[in-house]
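Asker: Here you go, sequence then predicted model.
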Amino acid sequence: MAHTGEMLSVAIALEPPIEPAQGQVVAQSCEASLGKGRCRAASELSPGSVVAWYALVRSDEASSGLAIEFYDRNSSGTLIERRELSFPEQASGQQRWASVGAVIAAFVAAREGGEPAQKPEPAPAPVVVAPPAPPASPSVAYNADWALFAGPGLDRGRYRLGALARGYVASAEAPRVLGLISARYAERPGALSLVWWGASCGMGARLGARSSPLSVELTGELVFERLQMSARDDATGGAESTSQNRFGGRLSINAAFAFASHLGLVLGAEATALRPSVAITVGTDEAGRALPVSFAFSAGVRFSSD
């Protein structure tokens, strides 16, 4: 209850109502600046009490912020001013409510043309936290292809069918330079059975941004190939076999389209020149010639690190 003779300046109300202890913290902080008896919680005043200012403190649990509305004499009076306060997450409840009392005291002192008995403690300044830096992109990208390919094995007859595995290392920034290594196997079954083993390595360039789903690459490789030939005589049941190592180069163009994270479809075409040229004869019959320049088409999947 207010007592006669007190120089009461401001009544303080909290909305929604909070623990009385918190209202006391606000009032005590206000009185620490204006002087004893100048601030009271509105809940402690009698209905007939008259004050110069009525401070309504509204709290917002969602944002952890506070708003102070200053009215003339009572809650039904004219709204004079509204102030909004925000606090850093580490500010304690005691600090927040003490800061509210200090702000109320500063308002009253400014309106009454006087200086508070002591300078109010400023509300804790909001802490600005810089957003975390995005993770640095790796300086290189890695790709691995698994594909099937087909193309002529000899200058006549059926195509050879095979599979290849190919690995890339690519620079992250344009122009994107490639290093690659590959291995492949193909065969053409029949009375004259042919098997091709091969390995290659080389370099190239990739067209298309790193984030683009579509990329095209041009590559050149040094190639080693081993051609194994086996022929059987159905009449006698005999068989003969031999092999030949060949060396040369390969030019390729591949297009890759990413359809899922780290996974894409890759299509390619290539031309390979190998020496020496190999003529295959079974008995007295010429079975064909391994082409000095051959081509092939491939299709498969690509796994990517980016």
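Answerer: Now that the structure is in, tell me what you want to look at. Numbers count the residues shown, from 1 in each chain.
Asker: list the buried ones in stretch 27-46?
Answerer: The neighbour-count check on stretch 27-46 (16 or more other C-beta atoms under 10 Å) flags 27, 29-34, 38-42, 45 as buried. Heads up, the C-betas are built off the backbone N, CA and C, glycines and all.
Asker: With secondary structure added, can I get those in CSV?
Answerer: CSV is the format used below for the buried residues of stretch 27-46 (DSSP: H, G, I helix; E, B strand; the rest coil):
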residue, secondary structure
A27, helix
S29, helix
C30, helix
E31, helix
A32, helix
S33, helix
L34, helix
R38, coil
C39, strand
R40, strand
A41, strand
A42, helix
L45, coil
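Asker: Relative to V177, how far out is the nearest residue to A13 once chain neighbours are set aside?
Answerer: Excluding its sequence neighbours, the residue lying closest to A13 (C-beta to C-beta, 6 or more residues apart in numbering) is A42, at 4.0 Å. Distance of A42 to V177, given as C-beta to C-beta, to the nearest Å: 75 Å.
Asker: thinking again about what came up before, these two touch, right, the residue nearest to A13 and I12?
Answerer: Yes. Contact status for A42 versus I12: in contact at 6.1 Å, counting by C-beta atoms under 8 Å.
Asker: what comes into contact with stretch 13-33?
Answerer: Residues from elsewhere that reach stretch 13-33, judged by C-beta atoms under 8 Å, 6 or more residues apart in numbering: 10, 12, 37-43, 54-59, 75, 93-94, 97-102, 104-106, 108-109, 116-121.
Asker: repeat for stretch 272-288
Answerer: With contacts defined as C-beta under 8 Å, 6+ apart, stretch 272-288 is touched by 154-157, 191-192, 223, 225, 227, 229, 231, 233, 244, 246-250, 289-290, 292-296.
Asker: 6 Å instead?
Answerer: Around stretch 272-288, the neighbours that count as contacts under C-beta atoms under 6 Å, 6 or more residues apart in numbering are 154-156, 192, 225, 231, 244, 246, 248-250, 289-290, 292-294.
Asker: do the same with stretch 214-234
Answerer: By C-beta under 6 Å, 6+ apart, the residues outside stretch 214-234 that reach it are 192-200, 202, 204-208, 239-248, 250-257, 274, 282.
Asker: Just the buried ones out of the residues you listed, please.
Answerer: Among the contacts of stretch 214-234, the ones that count as buried by 16+ other C-beta under 10 Å are 192, 194-198, 200, 202, 204-206, 246, 248, 250, 252, 254-256, 274.
Asker: now, which of these lie within strands?
Answerer: Those of those mapping onto strands are 192, 194-198, 200, 202, 204-206, 246, 248, 250, 252, 254-256, 274, per DSSP state E.
Asker: what helices or strands is the host helix or strand of N143 leaning on?
Answerer: Element membership for N143 (DSSP states H and E) is strand 140-152. Applying 3 or more C-beta pairs under 6 Å, 6 or more residues apart in numbering; DSSP states H and E, we find strand 140-152 packed against strand 159-171, strand 293-304.
Asker: What angle do strand 159-171 and that strand make with each other?
Answerer: Here strand 140-152 runs at an angle of 160 degrees relative to strand 159-171 (axes from the mean of the first three to the mean of the last three C-alpha atoms, to 10 degrees).
Asker: buried stuff in strand 140-152?
Answerer: By 16+ other C-beta under 10 Å, the buried positions in strand 140-152 come out as A141, N143, D145, A147, F149, G151, P152.
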